[in-house]
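A.B. asks: predicted structure and sequence below. I'll ask about it afterward.
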Amino acid sequence: MKVDVPDGFCELEANENTQPISPMAESFFLEALTAGARHTFAEMGFLAETAEWRAIGGWVYVRMIPFAGDEQAVGERLGRAYDAVATDLAGRFLQRWEEEWRPWLLRRREELGRIDLTGLDDAALDDHVGEAVAFLFAATDVHMLLHASDALMLGELTFACRDLLGWSEPQVFDMVSGLSPASTEPAQQLARLAEMARSRPAARVLLDDPASAVAKLGAADPEFEAAFQGYQRDFGDRAIRYEVIDPTIGECPELVLRLVRDQIARPYDPAAVAARVASRQAETRAAARATLAERHPGERERFERLLARAERYYPVREDNEVWTQSVPLALVRRALLEVGGRLVDTRTVTEVDDVFFLTLPEARQALAQGGDLSGLVSSRRSDRTWALAHPGPATYGEPPPPPDFSGLPPAARLVHEATAWLFDQIIPAWANERRQRGAVVEGIAASAGRYTGPARVVRHEGELEKVQPGDVLVCPATSPAWSPVFPSIGALVTDTGGILSHAAIIAREFAIPAVVATGNATELLVDGQNVTVDGDTGRVGAER
């Protein structure tokens, strides 16, 4: 496979792209991310054109595109940064999310999801594909705009706690943990299914073999089967990963039933977990207020004001991911599967999922004109196999010197420092280059607590069925769709991600010890190996 390396400095984006990207997703999704970042940087007055996502050797990389404007354009950008702070851009985006964006996303999900694709002719199906992709682009734009609120609302609180209390990020985010219902709702609803199944012998017997239970539930226990189908309707149309090649939750009913079985074996009490998280939140807030009690009233006011803003915004962090990424990607996948089925009927391709080895323009043209694309698909499948065997390096090119924001006006400096901080909390670049050896693995302490149990290495979503109750989940990264797995595990270790990664946020919501950004824990740890995860120190000890 030929690898075309662009000029400049690129970093591997392994936090949300743990597998090579499909040709289909590469043909539109990376463009949507890049366009959304461009719009957000302009709104914030950030002195970069955009963050550009692109595939190199099949793997996703990100690079910053420098701002190319003249002196007047730079002045205008700095003016936008001043306006962003002075007019509370973060707060305005939050209000739009609550009043406009989220209701629109839910409405479009219903409108696009209820269409019977099998009843459309080819031209109407092509129009639907276009609508679904347009929805994804618009949703991704909202997704990126909300990152401005991430940066300013959460960044300002973190900076204040650093200045006033000498605190680091783990203590700061303990003060807002427990406020993310999007992280816990799927698992809480799954707990209701597990509680229902406990008292129903017919359902419990079937759950011993989840793969065969799917077809038998209706006859054995219609009431439980109806509840299960309701769960699938509510949570099934979510992409497991930021891709279209992977199945959605709804396409994996046996996985959901396995998780129900696991919750029966390892009971999950949502109220008890919520109480533990709330207790830690209260303790941390009390500690902050005790330290500030004798300080100047202005410092206390600053802390309380920024905490109130952050606690109002923090729930949006994961809710944003669900409705602007996971659901739109699932809707695009649904449309493309119908296209793939029709391409099989016309013998354009051999298998339905061959459509994901075409680009979007190729698939739409093939739907209209037919042809034989089996050779092209075969070649691209070979490229993917090669990419899996040849993971990309952590970086390409020479890294630029660290940015110096000290000379910027105060508002512009806040915008730039907050944006740089946010990137580092989600995707710490140094984690890509970390390669550890020995009995201790180190990373970022992401969720407090200590737990010892057997490691279960899950390199991609297809291996989630390996996880047993009480395991330590060791994986490259997680997405919000992995939430239902968390009640079954004892601790979490990831290769990538920072303290604001989805893995870290969800672990805190479930009070599960977690260490993230280890670099290569999935290479060092093996299935069944006893490990101790210390979410306070960021260390993972392994028995040899």
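C.D. replies: Looks like it arrived, so ask away.
A.B. asks: just the strands in the stretch 251-400 of the chain please.
C.D. replies: With strands called from DSSP state E, counting those that start in this stretch, the stretch 251-400 of the chain shows them at 395-396.
A.B. asks: where does it dip in pLDDT?
C.D. replies: Segments of the stretch 251-400 of the chain classed as low confidence (criterion: pLDDT under 70) are not present in this model.
A.B. asks: and the helices in it?
C.D. replies: Counting by DSSP state H, counting those that start in this stretch, the stretch 251-400 of the chain forms helices over residues 253-265, 270-292, 297-321, 327-345, 360-369, 374-389, given from the N-terminal end onward.
A.B. asks: against Cys252, how distant is the nearest residue to Glu351 once chain neighbours are set aside?
C.D. replies: The spatial neighbour of Glu351 that comes closest, neighbours along the chain excluded (CB to CB, 6 or more residues apart in numbering), is Val344 at 6.7 Å. From N, CA and C alone the C-beta is placed, and that goes for glycine too. Val344 is 22 Å from Cys252, where distance means CB to CB, to the nearest Å.
A.B. asks: hmm, back to that, who are the contact partners of the residue nearest to Glu351?
C.D. replies: Contact criterion CB atoms under 8 Å, 6 or more residues apart in numbering gives 350-352, 354 as the residues in contact with Val344.
A.B. asks: could you list the low-confidence segments of this protein?
C.D. replies: Going by pLDDT under 70, which is the cut-off in play, the chain has low-confidence ranges at 429-438, 544.
A.B. asks: what's the closest of the helices of the stretch 251-400 of the chain to Ala32?
C.D. replies: With CB to CB as the criterion, Ala32 lies closest to helix 327-345 of the helices of the stretch 251-400 of the chain, at 9.2 Å.
A.B. asks: buried sites along that closest one?
C.D. replies: Of the residues in helix 327-345, those buried by neighbour count under the rule 16 or more other CB atoms under 10 Å are 327-340, 342-344.
A.B. asks: report the central residue of the protein.
C.D. replies: Centroid-nearest residue in the chain: Ser479, 3.7 Å away (criterion: CA atoms, centre = their mean).
A.B. asks: mind checking how far it is from Phe510?
C.D. replies: As for Ser479, its distance to Phe510 is 15 Å (criterion: CB to CB).
A.B. asks: on that earlier part again, most neighbours of all the contacts of Val344, which one?
C.D. replies: Among the contacts of Val344, the one with the most neighbours (other CB atoms under 10 Å) is Asp354, at 21 neighbours.
A.B. asks: do you know which of the helices of the stretch 251-400 of the chain lies nearest Glu26?
C.D. replies: Once the helices of the stretch 251-400 of the chain are compared by CB to CB, helix 360-369 is nearest, at 9.5 Å.
A.B. asks: summarise which helices and strands that closest one is packed against.
C.D. replies: Using 3 or more CB pairs under 8 Å, 6 or more residues apart in numbering; DSSP states H and E as the contact criterion, the elements in contact with helix 360-369 are helix 122-149, helix 327-345.
A.B. asks: can I get the last one in PDB, CA atoms only?
C.D. replies: Once side chains and other backbone atoms are set aside, the C-alpha atoms of helix 327-345 remain, and they are given as PDB (Å, rounded to 0.1, in the frame of the first residue of the first chain):
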ATOM      1  CA  VAL A 327     -26.500   8.800  16.200                       C
ATOM      2  CA  PRO A 328     -25.900  10.600  12.900                       C
ATOM      3  CA  LEU A 329     -23.200   8.100  12.000                       C
ATOM      4  CA  ALA A 330     -25.600   5.300  12.700                       C
ATOM      5  CA  LEU A 331     -28.200   6.900  10.400                       C
ATOM      6  CA  VAL A 332     -25.700   7.200   7.600                       C
ATOM      7  CA  ARG A 333     -24.700   3.500   8.200                       C
ATOM      8  CA  ARG A 334     -28.300   2.400   8.000                       C
ATOM      9  CA  ALA A 335     -28.700   4.200   4.600                       C
ATOM     10  CA  LEU A 336     -25.500   2.700   3.300                       C
ATOM     11  CA  LEU A 337     -26.400  -0.800   4.300                       C
ATOM     12  CA  GLU A 338     -29.500  -0.500   2.100                       C
ATOM     13  CA  VAL A 339     -27.300   0.800  -0.800                       C
ATOM     14  CA  GLY A 340     -25.000  -2.200  -0.200                       C
ATOM     15  CA  GLY A 341     -27.800  -4.600  -0.400                       C
ATOM     16  CA  ARG A 342     -28.900  -3.200  -3.700                       C
ATOM     17  CA  LEU A 343     -25.400  -3.300  -5.100                       C
ATOM     18  CA  VAL A 344     -25.300  -7.000  -4.200                       C
ATOM     19  CA  ASP A 345     -28.600  -7.500  -6.100                       C
END
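A.B. asks: which SS class is Thr215?
C.D. replies: Quick fix: residue 215 reads Ala, not Thr. For Ala215, the secondary structure call by DSSP: H, G, I helix; E, B strand; the rest coil comes out as helix.
A.B. asks: farthest-apart pair in the contacts of Val344, please.
C.D. replies: Across the contacts of Val344, no pair lies farther apart than Thr350 and Val352, at 9.2 Å, counting by CB to CB.
A.B. asks: residues in contact with the helix or strand where Val531 lies?
C.D. replies: Assignment of secondary structure by DSSP states H and E places Val531 within strand 530-534. Contacts of strand 530-534 from elsewhere in the structure, counted by CB under 8 Å, 6+ apart, are 445, 450-455, 472, 474, 490-493, 513-515, 525, 540-543.
A.B. asks: 6 Å - rerun?
C.D. replies: By CB atoms under 6 Å, 6 or more residues apart in numbering, the residues outside strand 530-534 that reach it are 450-452, 455, 472, 491, 513, 515, 540-543.
A.B. asks: so what does the helix or strand just after that strand touch, helix or strand wise?
C.D. replies: Proceeding N to C from strand 530-534, the next assigned helix or strand is strand 539-542, under DSSP H and E. Contact here means 3 or more CB pairs under 6 Å, 6 or more residues apart in numbering; DSSP states H and E; on that basis strand 539-542 packs against strand 440-442, strand 530-534.
A.B. asks: comparing the ones you listed, which stretch has the densest surroundings?
C.D. replies: strand 530-534 (a mean of 21; mean count of other CB atoms under 10 Å).
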